[in-house]
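Chemist: what's the 3D shape of this:
(one chain, ligands or ions: 1)
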Amino acid sequence: MNLFDVYSQYDIEPISGKGSYVYDAEGTEYLDFYGGHAVISVGHTHPVYVSKLKDQLDKIGFYSNAVLNSLQQELADKLESVSGVSDYALFYCSTGAEANENALKLASFHTGRTKIVALENGFHGRTSAAVRATHNYAIQAPINQGYDISYVKMNDVGAMESELAGGEVCAVIIEAIQGIGGCYTCDTEYLEKVSELCQTNGTVLIMDEVQAGYARSGKFFSFQNANIRPHIITMAKGMGNGFPIAGVLIDEQTFTAKKGMLGTTFGGNHLACAAGIAVLEIIEQENLIQHAQDLGQYFKAELESKLGNEVEVLGNGLMIGVKFNFSSAAIRKEMLYQEKIFTGSSGNANIMRILPPLNIKKEQVDYFISKLSKVFESVQIDV
Ligand SMILES: Cc1ncc(COP(=O)(O)O)c(C=O)c1O
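Modeler: Here you go, the predicted structure:
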């Protein structure tokens, strides 16, 4: 049977991983500054993570939401204490798109409205409502174009103000740091103003933390630099370090749950919760929020000092975009095949994304920058 051929792939197959490295069958070591697309939060095969999942598998891997599962509450309590956000209720699901799908649905249940405002170059997933909010018509099928949407420029308060005036918009959905968009970041004043406009106009504010959340930005959630309280927060990638788990945090003052309102078979299953609890334990024990902030600052400063005249450095924490004034493809290819370092692409061909595991070390950052500088020189010469 053929695989449905939708992914552009490198001809490399990692078969094992440890910390910030992955290995192919010949034992070639690759430094992972892509984190499997921002998913690997606490490193490959972290011993705490592996033992927690193995222990859970020996007990019970799955039962449906028709029965009690106290791991769900344990993870919710841990999330509250590590993230610093409270008075939200947690709904579990399995992917980022599913989290956003449920967030948009909740907003529409609550307001009775259907129009959504999202940012240009934003990405919110590929399922029906989520892909409509994603600013990429190429991945919206006709069946996805079922509600009215406006895409506005990031950090343009006036554009948001005129969209929300009149009180007809159901929800605004925003990434505080755009992932696929290339690590462009919302100003804190902008987020605060958008939040205020949402309050005034009865619009639900959804912060999509699927990629930037879970300590990646140097805050637990990337919007936490701003003084806002979103109505809904969605999260996924780093939450399970590769085990599919996602969540929707729902403001308890605003929303009331009704039986059957949302649901999913796999959400909050035993193995997923075990993975989620292990990730939070590691984030806490290894102080990874602070580490991402400190090392991210160092990383950005070093990139600026070594390549700053040639590139623009974007992002926060360990979610960094490097914008060249030419396509980053040749650089990324050379980094991978010559230097054995994985990096990420973005929706903007010139921007390379850097999304390493959060417990990456300073020496690995130094190593990465020395290799990037070397590759940058050689690609320039070739050009
Ligand atoms: C910000 C953001 N939201 C949503 C998604 C969709 O997540 P998933 O691929 O798990 O459905 C992504 C995936 O890249 C993302 O970066």
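Chemist: which strand residues bridge Tyr30?
Modeler: Tyr30 has these beta-bridge partners by DSSP bridges: Val22.
Chemist: I'd like to know how many residues surround the residue of the stretch 51-200 of the chain found nearest the ligand.
Modeler: Ranking the residues of the stretch 51-200 of the chain by distance to the ligand (Cβ to the nearest ligand atom) places Gly96 first, at 2.3 Å. Any C-beta I mention is one placed from the backbone N, CA and C, and that applies to glycine too. Other residues lying near Gly96 total 28 when counted by other Cβ atoms under 10 Å.
Chemist: dump the residue contacts of it.
Modeler: Contacts were defined as Cβ atoms under 8 Å, 6 or more residues apart in numbering; by that measure Gly96 touches 124-125, 208, 210-211, 234-237, 246.
Chemist: redo that, cut-off 10 Å
Modeler: Under the criterion of Cβ atoms under 10 Å, 6 or more residues apart in numbering, the contact list for Gly96 reads 39, 123-127, 130, 179, 208-211, 213, 234-237, 239, 244, 246.
Chemist: can you narrow the residues you listed to ones near the ligand?
Modeler: Among these, the ones lying close to the ligand by the criterion of Cβ under 6 Å from any ligand atom are 123-125, 179, 208, 210-211, 236.
Chemist: can you pick the most crowded of those residues?
Modeler: Among these, where neighbours are counted by other Cβ under 10 Å, the top count belongs to Asp208, at 33 neighbours.
Chemist: hey, what's that one bridged with?
Modeler: Beta-bridge partners recorded for Asp208 (DSSP bridges): Thr234.
Chemist: hmm, it is touching Ile180, no?
Modeler: No. Asp208 is beyond contact range of Ile180, at 11.2 Å (criterion: Cβ atoms under 10 Å).
Chemist: what do these two both touch?
Modeler: 122-124.
Chemist: need the contact list for Ser16.
Modeler: Shown in contact with Ser16 (Cβ under 10 Å, 6+ apart): 22-25, 27, 44-45.
Chemist: brain fart, Gly276
Modeler: Neighbour list for Gly276: 52, 71-72, 74-76, 78-79, 92, 214, 239-241, 243, 245-247, 268 [criterion: Cβ under 10 Å, 6+ apart].
Chemist: of those, buried ones?
Modeler: Among these, those that count as buried by neighbour count (16 or more other Cβ atoms under 10 Å) are 52, 71-72, 75-76, 78-79, 92, 214, 239-241, 243, 245-247, 268.
Chemist: sort out for me which of these are in helices.
Modeler: Counted as lying in helices by DSSP state H, out of the buried ones among the contacts of Gly276, are 52, 71-72, 75-76, 78-79.
Chemist: which one of these is nearest Gln364?
Modeler: Taking Cβ to Cβ as the measure, Lys52 is the one of those closest to Gln364, at 25.0 Å.
Chemist: just say helix, strand or coil for the nearest residue to that closest one once chain neighbours are set aside.
Modeler: Using Cβ to Cβ, 6 or more residues apart in numbering and skipping residues adjacent in sequence, the residue nearest Lys52 is Ala278, 3.9 Å away. With DSSP: H, G, I helix; E, B strand; the rest coil as the basis, the three-state label of Ala278 is helix.
Chemist: distance of Ala278 relative to Ala272?
Modeler: Between Ala278 and Ala272 the computed distance is 11 Å (Cβ to Cβ, to the nearest Å).
Chemist: what about those two, which has more around it?
Modeler: Taking Ala278 and Ala272 together and counting by other Cβ under 10 Å, Ala272 has the greater number of neighbours (28 against 25).
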